[in-house]
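A.B. asks: what follows is a predicted structure for the sequence shown.
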Amino acid sequence: MSEAVHVEYGASQATIQEQQKLVVHDCPDDVGQELRAAGLVRKEDGRFVKRRPRVRIDTNQDDDSLDVLSARVSDSTVRVTAEDVVGMVQLLPGLSVHVEPKVGWEAAFEMLLTVYDVDRTQSFYGIPLDELTTGDTASSRILGILAINYVAGMRTVRRNGVIRELHIERRQGFEGYGSVDVERTLVDQAGPTQAPTWIETEVDHSNTVNEALLLAGRFLLRMLSREGGHPRMESLLAMVNREVQQLESLGVEASPRDIGRYRSLRVEALPRQRHYYQRALHASRSILSSVLLGAAGGDAKELLVDYALSMNGLFEDYSQRLLEELLEEIKSDVDRLGNLEGVRCRREPALRPFAGNPQAHHKPDHLLEGPQGPITVLDSKYYEEGSNPASESGARSRMFAYAYLTGSDRMAFLCPQLEPVEMPVQQTDGIVEVVSLSSEESFTCERYREKLREYVFGVLAERWPELQVFDALNADRILALEGADEGDLRRVTHLDGPFGINNERTFADQVVDGVTFSPGGPNRGELPNKGRWTRKLIREELTAEDETGNRRYPKNRTTCVPVYDPNGEGEFGSVRLYFLVDDGTTLSVETSDPISLR
């Protein structure tokens with residue numbers, strides 16, 4: 001845990017990390033009133049808590065909140081503790097606190113964009129307006145968060161219904177549209193024209209709230225078009241443009257002259273059933289405020305809008321997205337036999353321990369399962385460095401409950417920065433792993449993805465060992481067996497196929513010939529003794545014996561796939577032999593050490 005940050009009362013800004021403490025010295029006697037004025041709520045235990053709303057996409061659920069900061073007053077000192085929620089919040093009327101993510105803003109922003117690609121961002125992500133006018137944070141990142149908020153909010157609005165007004169007019173004539181007012185038409189039959197009366201309905205979407213959304217979208221397009229920082233900025237620009245065009249197609253019009261009126265809008269002024277406008281309206285007001293601020297050249301702190309980003313929720317969303325992506329990649333790039341066709345990763349599946357009692361349920365964060373049942377249970381834990389979730393009674397008990405209810409003996413905690421560890425569960429076949437970067441490594445999304453891929457592939461290969469062979473043929477490695485190509489891998493376990501080892505000498509010759517005829521492989525004449533030493537080493541592997549003197553790889557139960565790595569050991573690369581041994585009930589894969597070509 002990092003040491004506390006100390007500032008004097010009167011400072012305008014303080015920067016701390018998640019879970020870090022902040023101490024404000026020399027505060028006045030009425031500092032408690034100032035805390036309440038900044039939006040902190042006093043609890044029964046004497047703490048002051050800063051909370052920000054978490055808006056759910058499912059409008060049928062009640063809103064809950066995120067604890068951002070908690071503070072205690074002691075004499076002339078305010079002691080503040082940050083939670084796992086990052087952002088810029090006001091602690092005192094003159095002091096804003098910037099809570100930094102422990103994984104870094106670049107990683108947090110990458111997670112946010114990745115999660116948003118599948119539209120699963122459920123937590124409330126606000127906007128730090130003051131950073132739009134200072135150099136503390138890259139403007140492209142802040143604009144990206146603005147765009148994500150705006151588009152996500154607009155999608156919620158369109159899904160639930162755009163506010164509109166209906167104008168109904170009646171008109172007599174023989175030509176019209178809409179519906180005929182039968183009663184009025186019959187009453188008017190005595191008139192001179194005897195024409196029907198039409199009910200014409202005009203739908204008007206151009207009201208103050210929709211105008212505010214449109215104007216904010218236009219301003220956001222201008223800001224995004226000037227930025228080229230993040231590689232996905234063009235995608236964000238296109239998404240914002242689509243939302244703007246949707247509003248314009250509804251006939252919404254907006255004028256910059258009314259920007260002050262738009263900025264004063266509050267979601268509380270809308271009917272309660274229209275509160276799904278909250279996210280879009282908040283983002284729009286923030287955009288319009290920043291535009292007004294930039295034009296006026298005023299003080300950023302005067303228009304500070306709190307924002308809060310739940311890193312715990314974001315990390316869970318991001319892990320789910322990666323699990324789905326990695327599973328699809330393994331299916332498409334590695335699974336040559338279609339074994340993974342029914343495998344999927346479910347998000348927060350409801351596990352109900354009691355029949356007829358839907359209220360009692362458990363929800364693990366992620367469940368990897370196949371047609372024959374669960375493969376592994378995973379829980380995302382955005383823990384601080386040095387904290388092992390397996391040592392925490394609550395987290396451990398919940399994980400064991402998940403394993404019991406699913407029947408899975410493989411479990412994993414997904415963490416950003418702990419020590420990776422594998423913990424066998426005594427008296428069972430269960431294994432609990434902490435999947436994480438080492439605490440000595442700085443967190444990046446790419447490194448976390450590699451660790452997660454390693455785990456996911458490992459648990460899948462336990463069920464389907466042949467995946468190890470297919471995975472070895474990726475990354476520029478080559479199937480090195482004369483007379484066989486990758487299409488033959490569908491018969492990788494067939495003893496009568498090209499990978500059978502009935503004759504060790506012939507098989508060794510085929511391996512060396514496969515290497516020399518492969519793209520990038522050496523010519524036979526380039527190898528010392530034309531590869532005779534390599535053939536000898538391959539035959540020794542094929543005929544190896546176990547500690548009892550029996551053949552390690554019996555011919556009637558074993559196939560072998562040789563894989564050539566041009567960048568492996570030695571001047572000409574190396575070959576590794578993958579033995580698939582079927583004992584009648586299970587298939588196992590054993591791998592030789594690299595054999596240098598010589």
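C.D. replies: Nice, I can see it.
A.B. asks: drop to CA atoms for contacts and neighbour counts, all remaining ones
C.D. replies: Fine.
A.B. asks: let me see the mean pLDDT of whichever strand or helix holds Ala283.
C.D. replies: For Ala283, the element it lies in under DSSP states H and E is helix 278-296. Averaging pLDDT along helix 278-296 yields 67.
A.B. asks: then stretch 314-323?
C.D. replies: 92.
A.B. asks: now swap in stretch 444-464 and tell me
C.D. replies: Per-residue scores along stretch 444-464 average to 95.
A.B. asks: need the contact partners of it.
C.D. replies: 103, 107, 110-111, 322-323, 326-327, 330, 339, 375-376, 410, 416, 435-437, 467-468 (CA atoms under 8 Å, 6 or more residues apart in numbering).
A.B. asks: do the same with stretch 9-16
C.D. replies: By CA under 8 Å, 6+ apart, stretch 9-16 touches 5, 7, 22, 24-27, 82, 94-100.
A.B. asks: of the contacts of stretch 444-464, which belong to helices?
C.D. replies: 107, 110-111, 322-323, 326-327, 330, 467-468 (DSSP state H).
A.B. asks: how about TSV for those, with neighbour count and distance to Arg524 added?
C.D. replies: Output for those, formatted as TSV (neighbours: other CA atoms under 10 Å; distance: CA to CA, whole Å):
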residue	neighbour count	distance to Arg524
Ala107	16	49
Glu110	18	49
Met111	22	50
Leu322	20	44
Leu323	22	44
Leu326	19	39
Leu327	19	40
Ile330	19	35
Leu467	22	31
Gln468	20	29
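A.B. asks: closest to Ala238 out of the residues you listed?
C.D. replies: The shortest approach to Ala238 among the ones in helices among the contacts of stretch 444-464 belongs to Glu110, at 18.2 Å (CA to CA).
A.B. asks: chain neighbours aside, what residue packs nearest to the closest one?
C.D. replies: Excluding its sequence neighbours, the residue lying closest to Glu110 (CA to CA, 6 or more residues apart in numbering) is Cys445, at 7.3 Å.
A.B. asks: what is the neighbour count of the one you found?
C.D. replies: 17 (other CA atoms under 10 Å).
A.B. asks: how close does it get to Glu316?
C.D. replies: For Cys445, the distance to Glu316 (CA to CA, to the nearest Å) stands at 13 Å.
A.B. asks: spell out the secondary structure type for Phe470.
C.D. replies: helix (DSSP: H, G, I helix; E, B strand; the rest coil).
A.B. asks: quick check, it in contact with Arg336.
C.D. replies: Yes: using CA atoms under 8 Å, Phe470 makes contact with Arg336 at a distance of 7.0 Å.
A.B. asks: all strands of the stretch 401-550 of the chain, in order?
C.D. replies: 410-417, 421-424, 431-437, 478-479 (DSSP state E, counting those that start in this stretch).
A.B. asks: include mean neighbour count when you put those into a markdown table, please.
C.D. replies: Shown next, in a markdown table, are the strands of the stretch 401-550 of the chain (neighbours: other CA atoms under 10 Å):
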| stretch | mean neighbour count |
| --- | --- |
| strand 410-417 | 24 |
| strand 421-424 | 14 |
| strand 431-437 | 22 |
| strand 478-479 | 23 |
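A.B. asks: out of the ones in helices among the contacts of stretch 444-464, which is nearest to Ser397?
C.D. replies: The closest of the ones in helices among the contacts of stretch 444-464, once distances to Ser397 are taken by CA to CA, is Leu323, at 23.6 Å.
A.B. asks: which other residues reach stretch 211-226?
C.D. replies: With CA under 8 Å, 6+ apart, stretch 211-226 has contacts from 140, 143, 147, 150, 233, 237, 240-241, 243-244, 247-248, 252-256, 259, 262-263, 280-281, 284-285, 287-288, 291.
A.B. asks: ok, which of the strands of the stretch 401-550 of the chain comes nearest Thr543?
C.D. replies: Closest among these, using CA to CA: strand 478-479, at 21.1 Å.
A.B. asks: direction included, what does the closest one pair up with?
C.D. replies: strand 558-565 (antiparallel) (DSSP bridges).
A.B. asks: how far does the strand it pairs with sit from its chain's centre?
C.D. replies: 37 Å (CA atoms, centre = their mean, to the nearest Å).
A.B. asks: same question, stretch 467-487
C.D. replies: 32 Å.
A.B. asks: so what touches it?
C.D. replies: Residues contacting stretch 467-487 (CA under 8 Å, 6+ apart): 333-336, 460-461, 498, 510-515, 518, 561-566, 578, 589.
A.B. asks: repeat that for 7 Å
C.D. replies: 334-335, 461, 498, 510-511, 513-515, 562-565, 578 (CA atoms under 7 Å, 6 or more residues apart in numbering).
A.B. asks: next: stretch 32-48.
C.D. replies: 49-50, 70-72, 90-93.
A.B. asks: likewise for stretch 145-156?
C.D. replies: Under CA under 7 Å, 6+ apart, the answer for stretch 145-156 is 125, 127, 236, 239-240, 243, 276-277, 279-280, 283-284.
A.B. asks: quick one, helices of the stretch 101-250 of the chain?
C.D. replies: 105-116, 139-160, 182-187, 208-225, 233-249 (DSSP state H, counting those that start in this stretch).
A.B. asks: which residue lies nearest the spatial centre of this protein?
C.D. replies: Residue closest to the average C-alpha location in the chain (CA atoms, centre = their mean): Tyr318, at 1.8 Å.
A.B. asks: so that residue is in which element?
C.D. replies: Going by DSSP H and E, Tyr318 is in helix 311-333.
A.B. asks: buried set for that helix?
C.D. replies: By neighbour count on 16 or more other CA atoms under 10 Å, the buried set for helix 311-333 is 311-323, 326-328, 330-331.
A.B. asks: for stretch 402-409, same thing?
C.D. replies: Buried, per 16+ other CA under 10 Å, within stretch 402-409: 402-403, 406, 408-409.
A.B. asks: could I have the CA atoms of it written out in CSV?
C.D. replies: Extracted in CSV, the C-alpha atoms of stretch 402-409 (Å, rounded to 0.1, in the frame of the first residue of the first chain):
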residue,chain,number,x,y,z
TYR,A,402,-19.6,-22.0,-7.4
ALA,A,403,-17.5,-25.2,-7.8
TYR,A,404,-19.9,-27.3,-5.8
LEU,A,405,-23.0,-26.1,-7.7
THR,A,406,-21.5,-26.5,-11.1
GLY,A,407,-19.5,-29.7,-10.5
SER,A,408,-16.3,-28.0,-11.7
ASP,A,409,-12.9,-28.8,-10.2
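A.B. asks: now Asp317: closest residue in space that isn't a chain neighbour?
C.D. replies: Val115 (6.2 Å).
A.B. asks: right, and the one you found touches Tyr318 too?
C.D. replies: Yes: with contact defined as CA atoms under 7 Å, Val115 and Tyr318 form a contacting pair (5.4 Å).
A.B. asks: measure Tyr578 to Ile538 for me?
C.D. replies: 12 Å.
A.B. asks: between these two, which one's more packed in?
C.D. replies: Per other CA under 10 Å, whichever of Tyr578 and Ile538 has more neighbours is Ile538, with 25 against 20.
A.B. asks: just name the closest of the contacts of stretch 467-487 to Asn529, please.
C.D. replies: Asp513 (13.8 Å).
A.B. asks: can you give me the neighbour number for the closest residue in space to the closest one that isn't next to it in sequence?
C.D. replies: With sequence-adjacent residues excluded and distances taken as CA to CA, 6+ apart, Asp513 is closest to Glu482, at 5.9 Å. Burial of Glu482 is recorded as 18 neighbouring residues (other CA under 10 Å).
A.B. asks: could you check how far Glu482 is from Phe517?
C.D. replies: Glu482 is 8 Å from Phe517, by CA to CA.
A.B. asks: again, but for Ile538
C.D. replies: From Ile538 to Phe517 the distance is 18 Å (CA to CA).
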